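[1] after the sequence you'll find the predicted model.
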Amino acid sequence: MLAWAWPPDYFSPLVAIHPARPSAPSFHMVGRAVAGARQGLVDQWHEWITGREAAGRALEPGDLRRMLCATVGLLGHMIGPMRREAGESWLAATELFGRLAEARGLSAGEVVDEFQHLRELLIVEMGDLFVAMPARQQMPAVLRVNRVCDLGVANAVVGYTDALVASMFSRDGVPVPTADSVQELLAELGRVEGEVRQLDERSPR
């Protein structure tokens, strides 16, 4: 009786059906630029938010800054070559952004305003880089940045709405955050920060 064996190269074509698609150099460049400007972007964003925010809201300025830093860090990865690895973390972070905004007592419109201001800061920060790119690379890079920001805005509003409805149901229609609910959100923020650190360590230089 003859023994049957698969030819050595029988399965080899399967490996190449969906090859990894490297990020375009322009996306890599913009992602690295956002990473390099992370501290400045966070400083400006934090200053703008705290300058318009009413006193007595539930989140400490230091905790707010942590949220902003995690968001900007993930934004850089979502633009650059780690976008697939960062996708789930981006959704979790932007949803958390909205939930924390509800705890801070913001309206849905204010959530959108805060995220849109990050887009404005990016336009100013990245403007010279976009102009210096070849014309065929400029539009894809700008579209990538806007697409990531649009996803962030939409998901933050979803998180805000979910948190608002949940808080109203749990407190007889009065959406007032409790210390326990804020601590739960900060614990989630800690997990997001851990994911950002892992992505930073794995990101190509």
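    Okay, I see it.

[2] run through the neighbouring helices and strands of the longest helix anywhere in the chain.
    Secondary structure of the chain per DSSP state H: the longest helix is helix 135-170. Where contact means 3 or more CB pairs under 8 Å, 6 or more residues apart in numbering; DSSP states H and E, helix 135-170 is packed against helix 25-36, helix 61-79, helix 83-103, helix 108-132. (C-beta placed from N, C-alpha, C; glycine too.)

[3] got those as a markdown table, with distance to Arg202 and mean neighbour count columns?
    Shown next, in a markdown table, are these (distance: least, CB to CB, whole Å; neighbours: other CB atoms under 10 Å):
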| stretch | distance to Arg202 | mean neighbour count |
| --- | --- | --- |
| helix 25-36 | 13 | 19 |
| helix 61-79 | 9 | 22 |
| helix 83-103 | 7 | 22 |
| helix 108-132 | 23 | 16 |
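
[4] about what we covered before: average pLDDT for the next helix or strand after the longest helix of the chain?
    Once the chain leaves helix 135-170, the next helix or strand it forms, by DSSP states H and E, is helix 179-202. For helix 179-202, mean pLDDT is 89.

[5] any buried residues in helix 179-202, and which?
    181-182, 185-186, 188-189, 192-193, 195-196, 199 (16 or more other CB atoms under 10 Å).

[6] now those in JSON lines, with distance to Gly40?
    Listed next are the buried residues of helix 179-202 as JSON lines, based on distance: CB to CB, whole Å:
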{"residue": "Ser181", "distance to Gly40": "32"}
{"residue": "Val182", "distance to Gly40": "28"}
{"residue": "Leu185", "distance to Gly40": "26"}
{"residue": "Leu186", "distance to Gly40": "25"}
{"residue": "Glu188", "distance to Gly40": "26"}
{"residue": "Leu189", "distance to Gly40": "21"}
{"residue": "Val192", "distance to Gly40": "21"}
{"residue": "Glu193", "distance to Gly40": "19"}
{"residue": "Glu195", "distance to Gly40": "22"}
{"residue": "Val196", "distance to Gly40": "17"}
{"residue": "Leu199", "distance to Gly40": "20"}
